[in-house]
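Undergrad: below are the sequence and a predicted model; questions follow.
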Amino acid sequence: MLGSKQGRAVLNHRPRIKEETLRKLEELPENTFGGSYWKFMSRRGFSPDERPPVRFVDNEELAYVATRYREVHDFWHVIFDCPTSILGELSLKTLEYQQTGLPMCALSVLGGQLKLNHTDRRILFGHYIPWALRAGNR
């Protein structure tokens, strides 16, 4: 993040996505990102304030980056229209790995796919993972 002007600005200001943020989006039209994000979160009963704090990270800046990563995960659901099913989550984790290179994303896919039945695993590897790799490369 330090390598770009925008990344440095985020690290400097440390914006957070909170329930207060979500309430402000409720009035936006559904065809806007903010309106779509509000709809996604409210229909699922999700609250940004329910995320547990980042643990095991002693560096304050890295802890913020990890927190921000978790907060924007739901943005990705909205942007890429991925459901919150196991297939949707594994697709997003593949895309996140492609974008960030974070090993935990790849490990999530590796472990998570074991919860799928044979048919869904074929769909994951035949459709969703190739899609996520292409989308993450753009």
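TA: Yes, it's here.
Undergrad: elements contacting the helix ranked longest in the chain?
TA: Criterion DSSP state H: the longest helix present in the chain is helix 60-80. With contacts defined as 3 or more Cβ pairs under 8 Å, 6 or more residues apart in numbering; DSSP states H and E, helix 60-80 has these neighbours: helix 5-13, helix 33-44, helix 86-100. In short, each C-beta sits where N, CA and C put it, glycine included.
Undergrad: looking at the ones you listed, which is buried most?
TA: helix 86-100 (a mean of 20; mean count of other Cβ atoms under 10 Å).
Undergrad: and for it, what's in contact with it?
TA: 69, 73, 76-77, 80, 82, 102, 105-106, 108-109, 112-113, 115-116, 120, 123-124, 128-129, 131-133, 135-137 (Cβ atoms under 8 Å, 6 or more residues apart in numbering).
Undergrad: show me what stretch 65-85 is in contact with.
TA: 1, 10-11, 16-17, 33, 36-37, 40-41, 44, 46, 48, 51, 53-54, 57, 88-89, 91-92, 95-96, 100, 102, 135.
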